[in-house]
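Q: Next input, structure requested:
(chains A, B, C and D)
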2 protein chains.
Amino acid sequence: MEEILREKNIKVTDTRKEILRILSESKSAISYNTIQEKTALKLDKVTVYRTLDTFENKGIIHSIPSEDGIKLYSFCKDDCHDHDHDDNHVHFNCEMCNTTVCLYHVDIPSVELPKGYYMHSSKLIVNGICPECR
Amino acid sequence: MEEILREKNIKVTDTRKEILRILSESKSAISYNTIQEKTALKLDKVTVYRTLDTFENKGIIHSIPSEDGIKLYSFCKDDCHDHDHDDNHVHFNCEMCNTTVCLYHVDIPSVELPKGYYMHSSKLIVNGICPECR
DNA sequence: CTGCTAAACGCAACTTGGTTTCATTAAAAA
DNA sequence: TTTTTAATGAAACCAAGTTGCGTTTAGCAG
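A: Prediction:
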């Protein structure tokens, strides 16, 4: 865990280790609130948000907007670099348990855009029912 | 414009006609704020949000979450029904002018989900540069 | 080990998108 | 024209996320 922080040249602090731990143990993408629920430490709101920003900028995690507009965070695959995420995978949101998971092995298919449109990145969120809820 | 409201069996009011007019004249998906900017009438915030909810439930418009979590609204194609939208098109967000448009003629390709996952709907948002900003 | 400094933290106050409650008004059916 | 039910408006509220600023601390140089 600490190595990740060292690799990215950011200071190793308790807060960062804790947030990293929670994110790494979570199977689904989680919100700020979930992080607060899962920690025993008292983490300041601002610090948590700033930490998540830092992690995202450093390519440690990526964010997905949930259906209701709140940000969810999830670990990146290995092939992400600073400011240049390669999170070309599909996200699945279960309508029953309301969790969002990364389908790392399902790539977003390429689409043919009309003339004049240039793509940088894309996000595909599939809504439905997950295996656990069936 | 009024016919749309009559067809959906909801009351025809000035507010609804106005919001419908603004939405119909807009080429891109717009937020609550844009509606306020574009109207000469004084529209109450609550009424606007409720009207947008109603329109969405009736299948007159659909919503797309913007990159920064705020809701954008856009007209539906003809083939939407109450609570059962058929908005299977790609949305394009321009990173320069920060507008989101419906690419009605670009369908979301189907993806092969892992075993046990069942799809209801999906959203594909492409980020990049639009023809106007090139 | 000690001091230094930039980076990280913590608190309070704020902003913003959106909702709840409840009393008032008006569309359209009877 | 009356009545009823849906729609509106105002105020207060809520929650996610941010800003400003003073304090602390990681980790480096000496």
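Q: quick one: the residue positioned nearest the centre of chain A and DNA strand D, what's the gap?
A: For chain A, A:Ser74 is the residue whose C-alpha lies nearest the centre (CA atoms, centre = their mean; 2.4 Å). Applying CB to the nearest atom of the strand, to the nearest Å, the value for A:Ser74 to DNA strand D is 14 Å. (Glycine included, C-beta is placed from N, CA and C.)
Q: The one helix or strand that residue maps to close to chain B?
A: Secondary structure from DSSP states H and E places A:Ser74 in strand A:71-75. Yes - counting by CB under 8 Å from any CB of the partner chain, chain B has neighbours in strand A:71-75: A:Lys71.
Q: ok, back up a step: show me what the residue nearest to the centre of chain A bridges to in the sheet.
A: Beta-bridge partners of A:Ser74, counted by DSSP bridges, are A:His62.
Q: so it makes contact with A:Ser66?
A: No - with contact defined as CB atoms under 8 Å, A:Ser74 does not count as touching A:Ser66 (11.5 Å).
Q: on that earlier part again, can you pull the contacts of the residue nearest to the centre of chain A?
A: A:Leu23, A:Ser26, A:Ser28, A:Ala29, A:Ile30, A:Ile61, A:His62, A:Ser63, A:Ile64, A:Thr100, A:Cys102 (CB atoms under 8 Å, 6 or more residues apart in numbering or on different chains).
Q: So which bits of chain A are right by chain B?
A: Counting by CB under 8 Å from any CB, the residues of chain A close to chain B are A:65, A:67, A:69-71, A:90, A:92, A:95, A:103, A:105-106, A:108-109, A:111-131, A:134.
Q: Please list which of these also come close to DNA strand D.
A: Counting by CB under 7 Å from any atom of the strand, the subset of those that neighbours DNA strand D consists of A:Ile70, A:Lys71.
Q: From the residues of chain A next to chain B, which land in strands?
A: A:65, A:71, A:90, A:92, A:103, A:105-106, A:118-129 (DSSP state E).
Q: Of these, keep whichever come out buried.
A: By neighbour count, with 16 or more other CB atoms under 10 Å in any protein chain shown, these hold A:65, A:71, A:90, A:92, A:103, A:106, A:118, A:121-129 as buried.
Q: How much space separates the residue lying farthest from the centre of chain A from B:Glu132?
A: What lies farthest from the middle of chain A is A:Lys115; by CA atoms, centre = their mean that is 31.9 Å. From A:Lys115 over to B:Glu132 the distance is 13 Å, taken as CB to CB, to the nearest Å.
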